[in-house]
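Novice: Pasting a predicted model and its sequence here:
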Amino acid sequence: MAARLLFQRRAAPLTAAVLVGSIAFSPAVAHAESPNGRQFPRKPIYDDDNLDDLLPTSNTLPAPPQTKAVEPAAPSTSLITLPEPTSPTAKKETPTDLLALRIRSARLYLYRHSCALEDAVNSSLSRAFDFEQSFTSTISGLAPDRASGEKLMPGAIYVLVAGMAGSIVARNRNVLLRTATPLALGITAAWTVLPVTMTNVSELLWYYEKKVPAVAEAHLQVREGLEKGVYMAKVHAELAQRKIEEGVREVREGLEGWVRKGK
């Protein structure tokens, strides 16, 4: 019994060594390529012919679609123009888009008109400010300089009194005299009391009269007539004064001669 157990323990490694050696020194050849059909007698699942039919080749593939050249459209000679066909993939306008377009056009309309109104208001205000500045500068330019020593307040009162006196003098006359007498006395008093101010006023009136040639020519004619009349009046006054002086001298000489003869 003991010998049997000892034999089994020694036979087990020897059997394992024999099996390993038989596997290592076996004449089998390892192939790098796939085994062909001669080594395997079994028939494959798919035949070679059917496999070639299933695989796509250059002959079995469909031909690519040929693109046609786009011909230029001939110019239309008809009076009626048909709308161009829209592509089916074009996006259709929704009510929201139409409402947004309407609101945009309304806002642009209001913006344009508000800008025009603002420009009109600004231009009108600018003209008003320019007119005010021109008016104030003109009025201030009529005042006499301080170096002249002329004062407006007493002189204006004198001119007003002269005009009222002229209206009192001509109160029982006709309308022409009642209108012309106060003006003549007032203008005369103004030129006498306020010569610098009246010079500035006359220059301003002449500046505006030059814008109307007819009025300027009439003014020049009236002025020349007045100057001529004043000159002639001065000449006649000088002649009258000379005649009076000559008459007085003759009377004095006669009296002196008569007195001498009386002695």
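Specialist: That came in fine, so what should we check first? Residues are numbered from 1 along each chain as shown.

Novice: Every contact and neighbour count from this point should use C-alpha atoms.
Specialist: Noted.

Novice: by contact count, what packs against the host helix or strand of residue 153?
Specialist: Using DSSP states H and E, residue 153 falls within helix 152-169. Here helix 152-169 touches helix 175-193, going by 3 or more C-alpha pairs under 8 Å, 6 or more residues apart in numbering; DSSP states H and E.

Novice: Just the CA trace of stretch 213-226, in CSV.
Specialist: Extracted C-alpha coordinates of stretch 213-226, given in CSV (Å, rounded to 0.1, in the frame of the first residue of the first chain):
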residue,chain,number,x,y,z
PRO,A,213,-34.3,153.0,-53.4
ALA,A,214,-37.5,155.0,-54.1
VAL,A,215,-37.8,156.2,-50.5
ALA,A,216,-34.1,157.0,-50.5
GLU,A,217,-34.4,159.1,-53.6
ALA,A,218,-37.5,160.9,-52.3
HIS,A,219,-35.6,161.6,-49.1
LEU,A,220,-32.6,163.0,-51.0
GLN,A,221,-34.9,165.2,-53.1
VAL,A,222,-36.7,166.5,-50.0
ARG,A,223,-33.4,167.1,-48.2
GLU,A,224,-31.9,168.9,-51.1
GLY,A,225,-35.1,171.1,-51.4
LEU,A,226,-35.0,171.9,-47.7
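
Novice: Give me the buried positions along it.
Specialist: Within stretch 213-226, the residues that count as buried by 16 or more other C-alpha atoms under 10 Å are residue 216.

Novice: ok, now stretch 240-249?
Specialist: Of the residues in stretch 240-249, none is buried (16+ other C-alpha under 10 Å).

Novice: What's the first helix or strand after the helix or strand bottoming out on mean pLDDT in the chain?
Specialist: Lowest on mean pLDDT, DSSP states H and E among the helices and strands of the chain sits helix 48-54, with a mean of 49. As assigned by DSSP H and E, the chain's next helix or strand after helix 48-54 is helix 95-142.

Novice: by contact count, what packs against that next one?
Specialist: Against helix 95-142 (3+ C-alpha pairs under 8 Å, 6+ apart) you get helix 195-209.

Novice: List the contacts of the helix it packs on.
Specialist: Here helix 195-209 makes contact (C-alpha atoms under 8 Å, 6 or more residues apart in numbering) with 141-144, 148, 150, 190-191, 215-216.

Novice: Let's see that with 7 Å instead.
Specialist: Helix 195-209 is contacted from outside by 142-144, 190-191, 215-216, using C-alpha atoms under 7 Å, 6 or more residues apart in numbering.

Novice: Top of the residues you listed by number of neighbours, please.
Specialist: residue 190 (21 neighbours; other C-alpha atoms under 10 Å).

Novice: I'd like the distance between the residue lying closest to that residue once chain neighbours are set aside and residue 132.
Specialist: Distances taken as C-alpha to C-alpha, 6 or more residues apart in numbering put residue 159 closest to residue 190, at 5.6 Å, once the chain neighbours are dropped. For residue 159, the distance to residue 132 equals 28 Å [C-alpha to C-alpha, to the nearest Å].

Novice: quick one: which of those two has more around it?
Specialist: Per other C-alpha under 10 Å, whichever of residue 159 and residue 132 has more neighbours is residue 159, with 23 against 12.

Novice: Please list all residues in contact with that one.
Specialist: Contacts of residue 159 (C-alpha under 7 Å, 6+ apart): 186, 189-190.

Novice: Could you count how many residues lie near residue 155?
Specialist: 19.

Novice: Go ahead and confirm it touches residue 194.
Specialist: Yes: the pair residue 155 and residue 194 passes the contact test of C-alpha atoms under 7 Å, sitting 6.1 Å apart.

Novice: now could you export just the CA positions of stretch 147-164 as PDB?
Specialist: What follows is stretch 147-164, C-alpha atoms only, in PDB (Å, rounded to 0.1, in the frame of the first residue of the first chain):
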ATOM      1  CA  ALA A 147     -18.000 162.500 -23.700                       C
ATOM      2  CA  SER A 148     -20.500 164.600 -25.500                       C
ATOM      3  CA  GLY A 149     -22.100 165.700 -22.300                       C
ATOM      4  CA  GLU A 150     -25.600 165.400 -23.700                       C
ATOM      5  CA  LYS A 151     -28.400 164.000 -21.400                       C
ATOM      6  CA  LEU A 152     -31.500 162.400 -22.700                       C
ATOM      7  CA  MET A 153     -33.900 163.000 -19.800                       C
ATOM      8  CA  PRO A 154     -34.000 166.800 -19.700                       C
ATOM      9  CA  GLY A 155     -33.800 167.100 -23.500                       C
ATOM     10  CA  ALA A 156     -36.700 164.600 -24.000                       C
ATOM     11  CA  ILE A 157     -38.800 166.700 -21.700                       C
ATOM     12  CA  TYR A 158     -38.000 169.800 -23.600                       C
ATOM     13  CA  VAL A 159     -38.900 168.200 -26.900                       C
ATOM     14  CA  LEU A 160     -42.200 167.000 -25.400                       C
ATOM     15  CA  VAL A 161     -43.100 170.400 -24.100                       C
ATOM     16  CA  ALA A 162     -42.300 171.900 -27.600                       C
ATOM     17  CA  GLY A 163     -44.600 169.500 -29.300                       C
ATOM     18  CA  MET A 164     -47.400 170.200 -26.800                       C
END
